[in-house]
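1. Here's my sequence, what's the structure:
(one chain, ligands or ions: 1)
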Amino acid sequence: MKTILLFAMALISVSTSMVFAQVIRGDARAGQAVYEQQCLRCHGVKLDGNGSDSKDLVIPPADFQSHKSRSKTDWELLVAISNGVLFSPMHGFRGKLTDQQLLDVLSYIRSVARPDITS
Ligand code: HEC
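-> Model (predicted):
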């Protein structure tokens, strides 16, 4: 009986670690490089939407430090990054960046402007 229990526990721990291994995580440091190349000119050094090109845009770039943006889920931001925002200068980066780079840049944004989950 004891061995069966041990075996079952081992099986559970192996299968759960396999599930966790499949969660793909972004690397914030790699994401910073992507951000500086692709996003900084609009969203700015401080991620507050004040990049050098933002002055010329009718629709201002999102301020990732704002409550509005920080209260969005990772998923909402990822959809905006990969598909773009309709009728705005924010175009989609799917195809231009790899899936891993999309997650990396999201991870960088979240590391600087932490999600506000209290609201
Ligand atoms: C040409 C300027 C420009 C560039 C380059 C740009 N963005 Fe944007 N982005 C915008 C604008 C403008 C908006 C706001 C759209 C709106 O509010 O309708 C926006 C919105 C977003 C949003 C939605 C935020 C929210 O709170 O809903 C995300 C996420 C985002 N950008 C991420 C990125 C990332 C990541 C990159 C680089 C890979 C990038 N953007 C590059 C202009 C830009």
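2. distance between stretch 50-69 and the chain's centre?
-> Relative to its parent chain, stretch 50-69 has a centroid offset of 17 Å by Cα atoms, centre = their mean, to the nearest Å.
3. Ends of stretch 63-72, what's the gap?
-> The first residue of stretch 63-72 is 12 Å away from its last residue (Cα to Cα, to the nearest Å).
4. shift numbering so it begins at 28
-> I'll keep to 28 as the first residue from here, and by that count the last item is stretch 90-99.
5. List, one by one, the residues from this protein near the ligand.
-> Taking Cβ under 6 Å from any ligand atom as the criterion, the neighbours of the ligand within the chain are 65-66, 68-70, 80, 84, 86, 88-89, 96, 99, 104, 107-108, 112, 115-117, 120, 132. Where you see a C-beta, it was placed from the backbone N, CA and C, and this is true even at glycine.
6. List the contacts of the strand or helix carrying residue 69.
-> For residue 69, the element it lies in under DSSP states H and E is helix 67-70. Outside of helix 67-70, the residues that reach it under the criterion Cβ atoms under 8 Å, 6 or more residues apart in numbering are 62, 76, 78-81, 84, 88-89, 91, 116-117.
7. What of stretch 111-129?
-> Under the criterion Cβ under 8 Å, 6+ apart, residues 51, 53, 57-58, 61, 65, 69, 84, 86, 88-89, 105, 107-110, 132 lie in contact with stretch 111-129.
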